[in-house]
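Colleague: Show me how the following folds:
(2 chains, ligands or ions: 3)
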Amino acid sequence: MKGYNFAYLDEQTKRMIRRALLKAVAIPGHQVPFGSREMPLPYGWGTGGIQVTAAVLGEADVLKVIDQGADDTTNAVSIRRFFGRTAGVATTTHTTEATVIQTRHRIPEVALREDQIIVYQVPQPEPLSKLEPSRAETRRMHGLAEYGAMHVKLYEDITRFGHVAISYDYPVMVNGRYLMAPSPIPAFDNPKMHMMPALQLFGAGREQRIYAVPPWTAVRSLDFEDHPFRTTRAPHACGLCGAADSYLDEVVTDDRGGRLFVCSDTDFCEGRRAAGHLGSEAGAETGTDMAAE
Amino acid sequence: MADETLLSARGLSLSFGAIPALVGVDADLWPGEVLAVVGESGSGKTTLLNVLSGRMAPHSGVTWYRDPEGVLHDVHAMPMPALRALHRSDWGFVHQNPRDSLRMGVTAGGNVGERLMAQGMRHYGRIRAEAIDWLRQVEIDADRVDHLPRTFSGGMLQRLQIARTLVTHPRLVFMDEPTGGLDVSVQARLLDLIRGLVARLDIAVVLVTHDLAVARLLAHRIMVMQRGVVVETGLTDQVLDDPQHPYTQLLVSSVLQA
Ligand SMILES: Nc1ncnc2c1ncn2[C@@H]1O[C@H](COP(=O)(O)OP(=O)(O)OP(=O)(O)O)[C@@H](O)[C@H]1O
Ligand SMILES: [Mg+2]
Ligand SMILES: [Zn+2]
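Modeller: Numbering: from 1, shown residues only, chains lettered A, B, ... in the order given. Ligands and ions are numbered 1, 2, ... in the order given. You can find the predicted model right below:
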């Protein structure tokens, strides 16, 4: 930790980020600008979520970091190590033990609690960016809650494909007021955001925006009455733990085209196996590093 | 403001630098009435339309709009959210170039349905059914509902813009040269269509045109503008058959000569 402030960022920067966070919590789903800083981390992850984590982390926190649901990817490991070194906080891979969960692309399967914070890494905070390139105009659309254009996009999808063809970053209305990008989590995870007991914070470093969903806030996926929002998952049970309700990744198990569907949430999967649940492929050597830590 | 007028303007003035685009313009519009604004190029017609609809603020003067509950609104002092809401529901704007209003990458059905969705309609089937009904009303085949506007002819594009505007049953529609740039035969069909819709739906229209024949066909009353000044106003037939102001006389006679 020598030469670094607690959690790497200097106190003034953390205060600035916390002020933006307070504003974000006060206006659920509203994007608040902040002065994003450089972070000494691998390119490609993005640093918005990490800066938010740095600003909310306290000495007593227990940090979990996941990337696509997994605790053991290179990025997840290096970020966990980074905060372990610069803040000296305890880290964990167990969702239930964590007080702060930094995530990219997933929400854990286990329901989060009131004493937890989940921090999302966000590449594109503006849900209207694909429909309206002008920042000034999207600000006005949010200000006036003019979201008809977003519904036109859903209308077009249903017309063309028979359903809304958005599988990631599916737009949501927060507290019945602001349209929000949930970050590229699968639409499967959207319902978990609704009335979540945990505080949800979102950081977009490149776009310099922070937003938030306070605990127990309504988060509704956009839809039509006669085409209600539905989640989809691969129609399989997890090959390792047998879970039939978790979000699955398809992994290639050998060079002969062998495939396996497994929970993308590695902690969830390990927890089930430890509790004695076994999938059809359990015990088989999978070739992927699924062993418990 | 006279009783029952839908829109009423007094003393509207606006200059662009040294160019006086509007000079002390008064205007009244009654519910269900079509008012034509005529005059040569540069006389201030489009500027007047933009000011009356709140898209531009005058340097002086006032415009009142009476909402369905009878409440008067000062168009130029209205908060922007209220004005934009008005433009999405009670009012409509038909541009000379339909491409300025249509979403060219969105199907005809999506274009017509947009205002319904903006008003909160959230039933795909009903939105689509309304869109199909409106395509029929503007004489576009129902089976074009899923087609992109870029496959449409100029006249069809203008009819699609009209369907997209009228779908929320506005009480007041602003039109800027809606038949401009179209072939004469296409123009005639479009004018018939507009006349029928406006009468049947009892819509008030402020119609900008430099074409006196268009004004004659569609408008109950007419306002003649010259260099930002309203030089003559009255019932369309009276003004065109018996013009009082020399400038109107010139306009009418040049049409006759053409
Ligand atoms: N944005 C602007 N900036 C400067 N001058 C303008 C602007 N808009 C209009 N004018 C000028 O104001 C006058 C009135 O223009 P306006 O567009 O209202 O005329 P118009 O009657 O609609 O003409 P047309 O028949 O050619 O459409 C013209 O002299 C025009 O050049
Ligand atoms: Mg004009
Ligand atoms: Zn599993």
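
Colleague: What residues sit buried inside stretch A:196-212?
Modeller: Neighbour counts over stretch A:196-212 (16 or more other C-beta atoms under 10 Å in any protein chain shown) mark A:196, A:198-205, A:207-212 as buried. Any C-beta I mention is one placed from the backbone N, CA and C, and that applies to glycine too.

Colleague: Get me the contact residues on the stretch 101-250 of chain B for chain A.
Modeller: Applying C-beta under 8 Å from any C-beta of the partner chain, we find that the stretch 101-250 of chain B lies next to chain A at B:103, B:106-107, B:109-110, B:113-115, B:117-119, B:122-125, B:127-128, B:146.

Colleague: Just the buried positions in stretch A:235-249, please.
Modeller: Buried-residue list, stretch A:235-249, by 16+ other C-beta under 10 Å: A:236-243, A:246-249.

Colleague: One more: stretch A:113-124?
Modeller: A:116-123.

Colleague: and the residue of the stretch 151-258 of chain B nearest ligand 1?
Modeller: B:His210 (4.9 Å; C-beta to the nearest ligand atom).

Colleague: and what of chain A?
Modeller: For chain A, C-beta to the nearest ligand atom, closest residue to ligand 1: A:Ala136, 19.4 Å.

Colleague: what about that residue, how many residues close to it?
Modeller: 8 (other C-beta atoms under 10 Å in any protein chain shown).

Colleague: backbone phi and psi for it, please?
Modeller: The phi/psi pair for A:Ala136 (degrees, to the nearest 10) reads phi -60, psi -40.

Colleague: And it, how far from A:Asn175?
Modeller: 24 Å (C-beta to C-beta, to the nearest Å).

Colleague: can I assume B:Gln119 is in contact with B:Arg88?
Modeller: Yes. B:Gln119 lies in contact with B:Arg88 (C-beta atoms under 8 Å); the separation is 6.8 Å.

Colleague: which ones are touching B:Ile194?
Modeller: The contact partners of B:Ile194, taken as C-beta atoms under 8 Å, 6 or more residues apart in numbering or on different chains, are B:162, B:175, B:178, B:218.

Colleague: pLDDT at it, what is it?
Modeller: The model reports B:Ile194 with a pLDDT of 94.

Colleague: Is it within a helix or a strand, and which one?
Modeller: Secondary-structure assignment from DSSP states H and E places B:Ile194 in helix B:184-201.

Colleague: okay, which residue of chain A is out on the far edge from center?
Modeller: What lies farthest from the middle of chain A is A:Arg256; by C-alpha atoms, centre = their mean that is 33.5 Å.

Colleague: Over to that residue. Which of the three states is it?
Modeller: coil (DSSP: H, G, I helix; E, B strand; the rest coil).

Colleague: tally of neighbours for A:Leu22?
Modeller: 11.

Colleague: Just the contacts of B:Ile194: which are in strands?
Modeller: B:Met175 (DSSP state E).

Colleague: between the contacts of B:Ile194, which is nearest ligand 3?
Modeller: Using C-beta to the ion, B:Ile162 comes nearest to ligand 3 of the contacts of B:Ile194, at 56.7 Å.

Colleague: these two touch, right, the closest one and B:Leu193?
Modeller: Yes. If you go by C-beta under 8 Å, B:Ile162 and B:Leu193 touch, sitting 7.5 Å apart.

Colleague: what's the overlap in contacts for these two?
Modeller: By C-beta under 8 Å, 6+ apart, the residues touching both B:Ile162 and B:Leu193 are B:Val138.

Colleague: Same question for stretch B:112-123: list its buried residues.
Modeller: Quick answer for stretch B:112-123 (16+ other C-beta under 10 Å): B:112-118, B:121-122.

Colleague: Report the contact partners of B:Arg144.
Modeller: The neighbours of B:Arg144, taking C-beta under 8 Å, 6+ apart as the test, are B:108, B:135, B:152.

Colleague: how near is it to ligand 3?
Modeller: Per C-beta to the ion, to the nearest Å, B:Arg144 is found 49 Å from ligand 3.

Colleague: For that residue, give me phi and psi.
Modeller: Torsion angles, degrees, to the nearest 10, at B:Arg144: phi -90, psi 0.

Colleague: How confident was the prediction at A:Arg233?
Modeller: Note on A:Arg233: pLDDT of 89.

Colleague: Next, the contact list for it, please.
Modeller: A:188, A:245-248 are the contacts of A:Arg233 under C-beta under 8 Å, 6+ apart.

Colleague: what sits against residue 167?
Modeller: Unless you meant another one, I'm taking chain A. A:186-187, A:232.

Colleague: hm, I was asking about chain B
Modeller: B:112-113, B:115-116, B:130-131, B:134.

Colleague: Kindly report the same for A:Met195.
Modeller: A:216-219 are the contacts of A:Met195 under C-beta under 8 Å, 6+ apart.

Colleague: who wins for most neighbours among these?
Modeller: A:Val219 (22 neighbours).

Colleague: Isn't that one up against A:His194?
Modeller: Yes. Between A:Val219 and A:His194 there is a contact at 4.5 Å, judged by C-beta under 8 Å.

Colleague: who in the stretch 151-293 of chain A is up against chain B?
Modeller: A:151-152, A:155-156, A:158-160, A:223-227.

Colleague: would a markdown table of these with secondary structure be doable?
Modeller: Shown next, in a markdown table, are these (three-state DSSP):
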| residue | secondary structure |
| --- | --- |
| A:His151 | helix |
| A:Val152 | helix |
| A:Tyr155 | helix |
| A:Glu156 | helix |
| A:Ile158 | helix |
| A:Thr159 | helix |
| A:Arg160 | helix |
| A:Asp223 | coil |
| A:Phe224 | strand |
| A:Glu225 | coil |
| A:Asp226 | coil |
| A:His227 | strand |
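
Colleague: one step back: for A:Gly279, state which of the buried residues of stretch A:113-124 is nearest.
Modeller: Among the buried residues of stretch A:113-124, A:Ile118 lies closest to A:Gly279 (C-beta to C-beta), at 27.0 Å.

Colleague: tell me which element the residue lying closest to that closest one once chain neighbours are set aside is part of?
Modeller: Excluding the flanking residues, the one nearest A:Ile118 by C-beta to C-beta, 6 or more residues apart in numbering or on different chains is A:Ile101, at 4.7 Å. Following DSSP H and E, the helix or strand that holds A:Ile101 is strand A:100-104.

Colleague: Show the average pLDDT along that strand.
Modeller: On average, strand A:100-104 scores 97.

Colleague: do stretch A:85-97 as well
Modeller: 96.
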